[in-house]
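Got a predicted structure plus its sequence, pasted below:
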Protein chains: 2
Amino acid sequence: MGDNSTPSFKAADLVIQLSSAPKSKLDVFAFGTVFTDHMLTIEWSLSGGWEPPLIKPFENLSLHPACSSLHYGIQLFEGLKAYRGDDNQLRIFRPMLNMNRMAKSARRACLPAFDQSELLECIRQLVEIDQDWVPQSDSVSLYIRPTFISIESSLGVKKPTRALLYVILCQAGSYFNNETQAVSLWANPKYTRAWKGGTGDCKMGGNYGGTLFAQYEAVGFGCQQVLWLHGEDHQLTEAGTMNIFLHWINEDGEEELATPPLDGMILPGVTRQSVLELTRKWGEFKVVERYLTMGQLCSALKQQRLKEVFGSGTACMICPIRQIVYQGENLHIPCRDKNSRLTSRIATELTNIQYGRTPSDWTILV
Amino acid sequence: MGDNSTPSFKAADLVIQLSSAPKSKLDVFAFGTVFTDHMLTIEWSLSGGWEPPLIKPFENLSLHPACSSLHYGIQLFEGLKAYRGDDNQLRIFRPMLNMNRMAKSARRACLPAFDQSELLECIRQLVEIDQDWVPQSDSVSLYIRPTFISIESSLGVKKPTRALLYVILCQAGSYFNNETQAVSLWANPKYTRAWKGGTGDCKMGGNYGGTLFAQYEAVGFGCQQVLWLHGEDHQLTEAGTMNIFLHWINEDGEEELATPPLDGMILPGVTRQSVLELTRKWGEFKVVERYLTMGQLCSALKQQRLKEVFGSGTACMICPIRQIVYQGENLHIPCRDKNSRLTSRIATELTNIQYGRTPSDWTILV
């Protein structure tokens, strides 16, 4: 997958400095609050190219105050997970999809290219070193956060001449196995997450900072997340930080699982892609990427054609949606009993792959 | 202007630690590359509120790698300038406009409120301490960069519980007095800077990171900046990081200076506002905020109704535009001789205010 002609750091050059004071490993902290003992850092400069990758004890970054990642949002990240299976093996779920998306975000952000396979091997070694942080438990996984920022230390909006790629790790509880509560969404066209010609299809920081305000307005209206709409016809695009799926009987009377197409505004989620591939393999109903509007959703709901709505993402995996507040109305979305619904079936199949119960080439061993 | 009920730091609590090794002060570095001896930092936490402001020797920031300003673009900045006049006095140009815009950006970014007048007084003291960095010269000013970032040290897209407001200073050459070359713009609707429901009217980092790619495509097409278009009718919105003005005979045969209205997509520039106020005071032609499309610009150009196009911003002040590349055509914009053109007249009047030659309540003394 890595392009051999791309000047890149190499995993073979990795320098490892182990921590002399590892932290005690408690289980299941609040998501993203406690980090493991080590981190991976790789520096780049226009003049010197990539430095050798370094695994070192977790520590603060020392950044110049003019650092353009702090001024102009020249920054991007990824999120993926490692799971400890019943066989005690650690598996990472479809990591090359994240590596490739990271390379795409880097191109969009004018940050330098790298060999995706080399980065994955560095990450694999980091996870291996901190593997004791992942207990054998269905409810805990290791969240891997690759981050790539400009460390250009001068003002002026320009292509960075220095950059830092780093990876940190933290424990994450599995949302789904902790009896995920179905969530409610606030749908108001007042705020937009992304638009054509923007960066909505990349995992750049600027896609998120602008969403907090709407998120807190949603909470004020008694909802948990924002349903991001787009355009005059109020197309559904994403829900909070998740992709969105509708399971319904479509306008032509066909059973269908549908999600918005990757038209440049939608984040190409790894879970999204996995749900599409998994359900297409089943061959039990139509699986499509298509535009979906609030009007279509409301009609389907009224005509009892709507079966389920759910979000997908690395953090939550599959998150059922029970309610959408839209134009002053509370739309109650069907959430059938836990064992029969599609969300539960998809989540179980994905979990079986992630924990190694179902053999699959979607995981790599650490 | 500050709201007395806002919990805020106070300039009266300022702690000042002077540098024991001030740098040698060379004149006119490349913009934004060399910073003065001191910086202002003010920390905030949800539990403790605002800490006392601190002026200390310029140094790197120590940031947690999960810092949400680096992951989710929870960051904003301002840019303003101080000038040393013929009377040797230092003046800051309309700083409360920047303070108020900063407070507005902070609200949009879910960063805490502060008393704008207190921040201005802290900045005034910082500039006073480093005032030797500003020589008596029409071609050099002191660029002031207030920055406000989340220092939340946990993952998860959420409202920050810790934040850092800091201010750094650097020398800036005056673009205009250095015989500004008129610039060429690349107008392609493929990329969008901002959109309704987004953050285009705030100075958040995410507005800039997504623009680099288009900027470098513009350079590839032989242009210096991007002319940001919006919508099906290719409305002109901004040029590079500047607001844009058209001086023309409008469709009704009236002489008009026009710039797009503040509809949520346009940054409310301080120079933009100053140009509007200045030319309205002259009362010599119509001055309006209105939508402007490429179609209208092309018609005016063909009918020889277009007099001048220019950008405005703190860095460049007034920047004439000589060419727009649009749909495969090179549109040559009139740039009349230097002494007669409107850009030159506006720049001279603004410079006279900034350097204290024309008395004005638009500047404050340091």
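Received, thanks.

Looking at chain A, which residue is nearest chain B?
residue A:206 (2.2 Å; CB to the nearest CB). To be clear about C-beta, it is placed using only N, CA and C from the backbone, and glycine gets the same treatment.

so who does the nearest residue to residue A:234 once chain neighbours are set aside touch?
What sits nearest to residue A:234 in space, not counting adjacent residues and going by CB to CB, 6 or more residues apart in numbering or on different chains, is residue A:294, at 4.1 Å. Contacts for residue A:294 (CB atoms under 8 Å, 6 or more residues apart in numbering or on different chains) come out as A:187, A:229, A:233, A:234, A:235, A:236, A:326.

before we move on, what about residue A:362?
A:93, A:94, A:274, A:353 are the contacts of residue A:362 under CB under 8 Å, 6+ apart.

Look up phi and psi at the first one.
Backbone geometry at residue A:93, expressed as degrees, to the nearest 10, gives phi -90, psi 120.

What sits closest to it if chain neighbours are left out?
Nearest one to residue A:93, counting by CB to CB, 6+ apart, is residue A:354 at 5.2 Å.

And the third one, by the same measure?
Distances taken as CB to CB, 6+ apart place residue A:350 nearest to residue A:274, at 6.4 Å, with adjacent residues excluded.

same question, the last one
With sequence-adjacent residues excluded and distances taken as CB to CB, 6+ apart, residue A:353 is closest to residue A:360, at 4.4 Å.

can you give me the helices in the stretch 101-250 of chain A?
A:116-129, A:206-209, A:212-220 (DSSP state H, counting those that start in this stretch).

Dump those helices to a markdown table, plus mean neighbour count and mean pLDDT.
Listed next are these as a markdown table, based on neighbours: other CB atoms under 10 Å in any protein chain shown; pLDDT from 0 to 100:
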| stretch | mean neighbour count | mean pLDDT |
| --- | --- | --- |
| helix A:116-129 | 21 | 97 |
| helix A:206-209 | 27 | 95 |
| helix A:212-220 | 17 | 94 |
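
Identify whichever of those lies nearest to residue B:69.
Minimum separation from residue B:69 across these (CB to CB) falls at helix A:206-209, 8.3 Å.

what's next to that closest one, contact-wise?
Under CB under 8 Å, 6+ apart, the answer for helix A:206-209 is A:73, A:193-194, A:199-200, A:241, A:267, B:71-75, B:109, B:157, B:199, B:204-207, B:209-210.

Report how many residues lie close to the nearest residue to residue A:200 once chain neighbours are set aside.
Nearest residue to residue A:200 in three dimensions, chain neighbours excluded: residue A:194, at 2.4 Å (CB to CB, 6+ apart). The tally of other residues near residue A:194 (other CB atoms under 10 Å in any protein chain shown) stands at 25.

Pull the contacting residues for residue A:194.
Neighbours of residue A:194 in contact, by CB under 8 Å, 6+ apart: A:200, A:201, A:207, A:228, A:230, A:237, A:238, A:265, A:266.

how close does the first one sit to residue A:230?
Right, residue A:200. Between residue A:200 and residue A:230 the computed distance is 9 Å (CB to CB, to the nearest Å).

and what of residue A:111?
27 Å.

go on, residue A:280?
For residue A:280, the distance to residue A:230 - CB to CB - is 25 Å.

what about these two, which has more around it?
residue A:230 (25 against 14).

Just give me the neighbour total for the spatially closest residue to that one that is not a sequence neighbour.
Nearest non-adjacent residue to residue A:230, counting by CB to CB, 6+ apart: residue A:237, 4.9 Å away. By the criterion of other CB under 10 Å, residue A:237 has 24 neighbours.

mind listing what residue A:237 touches?
By CB under 8 Å, 6+ apart, the neighbours of residue A:237 are A:193, A:194, A:200, A:228, A:229, A:230, A:244, A:260, A:265, A:266.

same check, this time on residue A:95
A:80, A:120, A:123, A:364.

okay, and for the stretch 101-250 of chain A, where does confidence drop off?
The model of the stretch 101-250 of chain A has pLDDT under 70 over residues A:174-180.

near chain B, which residues of it show up?
A:107-110, A:143, A:145, A:147, A:149, A:154-159, A:166, A:168, A:170, A:189-192, A:195-199, A:204-213, A:215-216, A:241 (CB under 8 Å from any CB of the partner chain).

Just the mean pLDDT for the helix or strand residue A:81 falls within, thanks.
Residue A:81 belongs to strand A:80-84 when assigned by DSSP states H and E. Mean pLDDT, strand A:80-84: 96.

hmm, who's touching it?
A:90-95, A:98, A:127, A:131, A:134-137, A:141-144, A:146, A:172, A:270, A:314, A:354-356, A:363, A:366.

Please produce a ChimeraX select command covering the buried subset of these.
Only the buried entries of those go into this ChimeraX selection, using 16 or more other CB atoms under 10 Å in any protein chain shown:
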select /A:90,91,92,93,94,95,98,127,134,141,142,143,144,146,172,270,314,354,355,356,363,366
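
Test my guess that residue A:311 contacts residue A:236.
No - using CB atoms under 8 Å as the test, residue A:311 is too far from residue A:236 to be in contact (10.8 Å).

what is the mean pLDDT for stretch A:341-361?
For stretch A:341-361, the per-residue pLDDT averages 94.

Name the residues of it that are buried.
A:341-344, A:346-351, A:353-356.

chain center to that stretch: distance?
Its chain's C-alpha centre and that of stretch A:341-361 lie 18 Å apart, by CA atoms, centre = their mean, to the nearest Å.

what residues does it touch?
Residues contacting stretch A:341-361 (CB under 8 Å, 6+ apart): A:81, A:83-87, A:89, A:91, A:93, A:138, A:141, A:174, A:176-177, A:247, A:257, A:271, A:274-275, A:278-279, A:307-308, A:310, A:317-320, A:335, A:338, A:362-363.

Go again with 6 Å.
Contacts to stretch A:341-361, defined as CB atoms under 6 Å, 6 or more residues apart in numbering or on different chains, come from residues A:83, A:85, A:87, A:91, A:93, A:176, A:247, A:275, A:308, A:310, A:317-318, A:320, A:338, A:362.
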